[in-house]
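**Q** just to be clear, the model below is a prediction. Sequence and coordinates:
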Amino acid sequence: MSPLARRALTACLLLVVFVPAVLWAPHWLWGVLVAGVVALAAFEWARLSHFGPRGARAYAGALALFALAAPPLLATQWDDVKIGLIALAVAFWLLVVPLWLAGQWRVSQPGLRAAVGAAVLLPTWAALLELHARGPAILLGVMAIVWIADSAAYFAGRAFGRHKLAPAISPGKTWEGVGGALAALAAYAWLLSVYAGLPRMALLFALAGLLYLSILGDLFESWIKRVSGMKDSGTLLPGHGGVLDRIDALTSTLPIAAGMLIWLERSA
């Protein structure tokens, strides 16, 4: 089986599991599933950070336990926790990560790497809960931004890619791929404006901003893997690598998309 066919088959299998969970899982079960994703991604992050097997399992268990226990324990403070995690994501992705990539920092201190992993994964966890609570269409519609951009960039880059986007970080990514992703998202914005009645230009600007964030998430994980000397974050998903390889762009887009929705709702 070719790498592309293996990648497509894995994606189809993931959708077969994921879409029914989004559509029909009660909120408590969705929380358990998301905690499981957090555990797998945290374990891969710990391995990328060169934690030992015991330390990686303890780190993954700690983040998963927080994801499971926090909603019932912090029910009355959930809005404050949610806003705090979104603010953390905004600061991390808009301020820290651009500096990190520009300076090509090689952060190796275990405590700092553990804190960075939490800053990546916990806001993503909160966003998945928040968007799911707003309805399956909202969650799938936001995640589709990343899926469409990723697929369009992959095929446009393979067909037309000539100019490298960030060769020192991820040699396979090209500006032509970015152009393909932007064109695909422009079509998506048009469809949403026609069928959902959303303002077209505002939507296009929002999707362009989320595309920028998705690229940051992708490049950040690529740099972490390069520093760690690993090609993939794991081997769980054939054709895609690990869980982090599959959700890298979601970690940077979902929290800020959730924050945008909350801001629009409160300012309306």
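**A** Structure received. No experiment lies behind these values; they were computed from the predicted model shown.

**Q** where does residue 231 land in three-state SS?
**A** When classified by DSSP: H, G, I helix; E, B strand; the rest coil, residue 231 comes out as coil.

**Q** isn't it right up against residue 242?
**A** No. Judged on CB atoms under 8 Å, residue 231 makes no contact with residue 242 at a distance of 10.3 Å. For the C-beta atoms, the positions are set from N, CA and C on the backbone; glycine is no exception.

**Q** can you give me the strands in this structure?
**A** Secondary structure of the chain, counting by DSSP state E: strands at 164-166, 170-174.

**Q** ok, back up a step: neighbour-wise, which of residue 231 and residue 242 wins?
**A** residue 242 (24 against 9; other CB atoms under 10 Å).

**Q** look up phi and psi at the closest residue to that one other than its chain neighbours.
**A** The spatially closest residue to residue 242, leaving aside those adjacent along the chain, is residue 234, at 2.4 Å (CB to CB, 6 or more residues apart in numbering). The phi/psi pair for residue 234 (degrees, to the nearest 10) reads phi -170, psi -170.

**Q** OK, contacts around residue 234?
**A** Listed by CB atoms under 8 Å, 6 or more residues apart in numbering, the contact partners of residue 234 are 40, 43, 44, 47, 241, 242, 243, 244, 245.

**Q** next, format the strands of the chain as JSON lines and append mean neighbour count and distance to residue 75.
**A** Shown next, in JSON lines, are the strands of the chain (neighbours: other CB atoms under 10 Å; distance: least, CB to CB, whole Å):
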{"stretch": "strand 164-166", "mean neighbour count": "17", "distance to residue 75": "42"}
{"stretch": "strand 170-174", "mean neighbour count": "18", "distance to residue 75": "41"}
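
**Q** can you pull out the low-pLDDT segments for the chain?
**A** Scanning the chain for pLDDT under 70 picks out 1-11, 237-240, 268.

**Q** just give me the longest helix of it.
**A** helix 200-228 (DSSP state H).

**Q** how big is the angle separating it from strand 170-174?
**A** Put simply, helix 200-228 runs at 160 degrees to strand 170-174, going by axes from the mean of the first three to the mean of the last three CA atoms, to 10 degrees.

**Q** and helix 200-228, what's buried?
**A** Neighbour-count burial for helix 200-228 flags 203-204, 206-207, 210-228 (criterion: 16 or more other CB atoms under 10 Å).

**Q** kindly report the same for stretch 51-60.
**A** For stretch 51-60, using 16+ other CB under 10 Å, the buried residues are 51, 56, 59, 60.

**Q** got a list of what the last one touches?
**A** When contacts are counted by CB under 8 Å, 6+ apart, residue 60 is found next to 39, 40, 42, 43, 46.

**Q** which of the buried residues of stretch 51-60 fall in helices?
**A** Per DSSP H, the buried residues of stretch 51-60 map to helices at 56, 59, 60.

**Q** just the residues you listed now: which is nearest residue 91?
**A** Closest approach between these and residue 91, by CB to CB: residue 59, at 22.2 Å.

**Q** skip the chain neighbours and tell me the closest residue to that closest one.
**A** Counting by CB to CB, 6+ apart, the residue nearest residue 59 is residue 46, at 4.4 Å.

**Q** relative to residue 79, how far out is the one you found?
**A** 30 Å (CB to CB, to the nearest Å).

**Q** pick out whichever of those two has more residues nearby.
**A** Relative neighbour count places residue 46 above the other of residue 46 and residue 79, with 23 against 11, counting by other CB under 10 Å.

**Q** returning to what we had before: which residues touch the residue nearest to residue 59?
**A** Taking CB under 8 Å, 6+ apart, one finds 55, 56, 59, 60, 114, 117 in contact with residue 46.

**Q** is it true that residue 130 touches residue 82?
**A** Yes. Judged on CB under 8 Å, residue 130 makes contact with residue 82 at a distance of 6.0 Å.

**Q** overlap in contacts, the two.
**A** Common neighbours of residue 130 and residue 82, using CB under 8 Å, 6+ apart, are 258, 262.
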